[in-house]
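> here is my input, please return the structure:
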Amino acid sequence: MRRDAFQAIADPTRRAIILLVAVQAMTPNALAEHFDSTRQAVSKHLRILTECELVKQNQSGREIYYELNGDKMKEIDKWLEQFRKIWESRFNQLDDVLATLKKNNP
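Coordinates of the predicted model:
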């Protein structure tokens, strides 16, 4: 089953993994230390994040390190940007209404 990035980030554990690997590349064992779950459960989350291209694998000797895929995160940010513009416009309209109310009711 092919998942998209938004399905991957819908899970709170996967979002926490993304935050951890955004700071530094980590092995599955190092990541598992941050959660109250098994290494196998963390590996399952990593498999989904890798499948959705949110994290990348780098082999270093016998260890596999996972790191954030910034390009995929930029795609998500670009999609969210349209909503950011709508929210900013609405907040600006709210500021105008509040300023008018304040001016008319000193």
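> following the worst-scoring helix or strand of the chain on mean pLDDT, which helix or strand comes up?
Least confident element among the helices and strands of the chain, by mean pLDDT, DSSP states H and E: helix 5-9 (a mean of 91). Per DSSP states H and E, helix 5-9 leads on to helix 12-23 as the next helix or strand towards the C-terminus.
> which residues touch that next one?
Outside helix 12-23, the residues that touch it by Cβ atoms under 8 Å, 6 or more residues apart in numbering are 8-9, 26, 31, 34-35, 37, 41-42, 45-46, 48-49, 54-55, 66-68. To be clear about C-beta, it is placed using only N, CA and C from the backbone, and glycine gets the same treatment.
> quick one: the residue nearest the centre of the chain from Ile9, how far?
Geometric centre of the chain, nearest residue: Arg15, 5.2 Å, by Cα atoms, centre = their mean. In this structure, Arg15 and Ile9 are 6 Å apart, going by Cβ to Cβ, to the nearest Å.
> what about the helices in the protein?
In the chain, the helices defined using DSSP state H lie at 5-9, 12-23, 28-32, 39-51, 70-104.
> before we move on, the earlier item: and the residue nearest to the centre of the chain, how far from Pro106?
Separation of Arg15 from Pro106 (Cβ to Cβ): 46 Å.
> where does this structure have low pLDDT?
For the chain, the stretches flagged by pLDDT under 70 are 1.
> test my guess that Ala25 contacts Asn58.
Yes - counting by Cβ atoms under 8 Å, Ala25 does reach Asn58; the two are 6.6 Å apart.
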